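Undergrad: predicted model and sequence below, questions to follow.
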Amino acid sequence: MSHPGEVLDKGLMDLATAVLDSCVAARTHLATAESCTGGLIAGCLTAIAGSSSVMDRGFVTYSNEAKTQMLGVPADIIEANGAVSEPVAKAMASGALERAPVGIAVSVTGVAGPGGGSEEKPVGTVWIGLAREGKEAYARRFNFDGDRSAVRKQSIAAALQMVLDELRRDRPGGVA
């Protein structure tokens, strides 16, 4: 078993710092809704001193029941599309946004492996959703390579980058 500290490398910490700085500049708070990353996105953010000025809460919704109970993801959406899907990632992010006093929420659902994959959704398939106050939620599909630890690390980086990109869209000149 790998140690969670192995995930928190300098590159991820720099990215997390940029996200926190961008949230401060945008005067917004952030929530996470995580499945395959098991709270590691929130862990990266809260490893940084002063993160409490931005990070409100993290939902770890590993089971389908948790996604429904904690985030309000309709069970029929999970049943029709599977937990690792665009509609579920969008609903997770929207659910976190609705349940927390924040302006932006990011979600992650995926197949980290080594088992659990299928032909349609092989190991490394990850959906990351983003919901922002006043905007329609969206999600992107990623196909990451490597073992469980590598898939989770790439998922954290992609989620943080999506938040950063979204916040930068609203800054003059596109720079946060």
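TA: Thanks, I have it. Residues are numbered from 1 along each chain as shown.

Undergrad: what's downstream of the one helix or strand residue 25 maps to, the next helix or strand?
TA: Using DSSP states H and E, the secondary-structure element containing residue 25 is helix 10-26. Read in the C-terminal direction, the helix or strand following helix 10-26 is strand 30-34, with elements assigned using DSSP H and E.

Undergrad: past that next one, which element shows up next along the chain?
TA: Note on strand 30-34: by DSSP H and E, the next helix or strand toward the C-terminus is helix 40-46.

Undergrad: show me how far that following helix is from its chain's centre.
TA: On the basis of CA atoms, centre = their mean, to the nearest Å, the separation between the geometric centre of helix 40-46 and that of its chain is 10 Å.

Undergrad: from now on call the first residue 95
TA: All right, first residue 95 from here; so that's helix 134-140.

Undergrad: what's the biggest helix in the chain, counting residues?
TA: In terms of residue count, the longest helix belonging to the chain (DSSP state H) is helix 242-263.

Undergrad: residues in contact with the residue nearest to residue 221 when sequence neighbours are not counted?
TA: Take residue 221 and drop its neighbours on the chain: the residue closest to it by CB to CB, 6 or more residues apart in numbering is residue 183, 3.7 Å away. (Glycine included, C-beta is placed from N, CA and C.) By CB atoms under 8 Å, 6 or more residues apart in numbering, the contact list for residue 183 reads 201-203, 221-223, 233.

Undergrad: mind redoing it with 6 Å?
TA: Taking CB atoms under 6 Å, 6 or more residues apart in numbering as the definition of contact, the neighbours of residue 183 are 201, 203, 221, 223, 233.

Undergrad: what strand or helix carries it?
TA: When elements are defined using DSSP H and E, residue 183 is found to belong to helix 180-193.

Undergrad: report the angle between that helix and strand 124-128.
TA: Relative orientation of helix 180-193 and strand 124-128, computed by axes from the mean of the first three to the mean of the last three CA atoms, to 10 degrees: 140 degrees.
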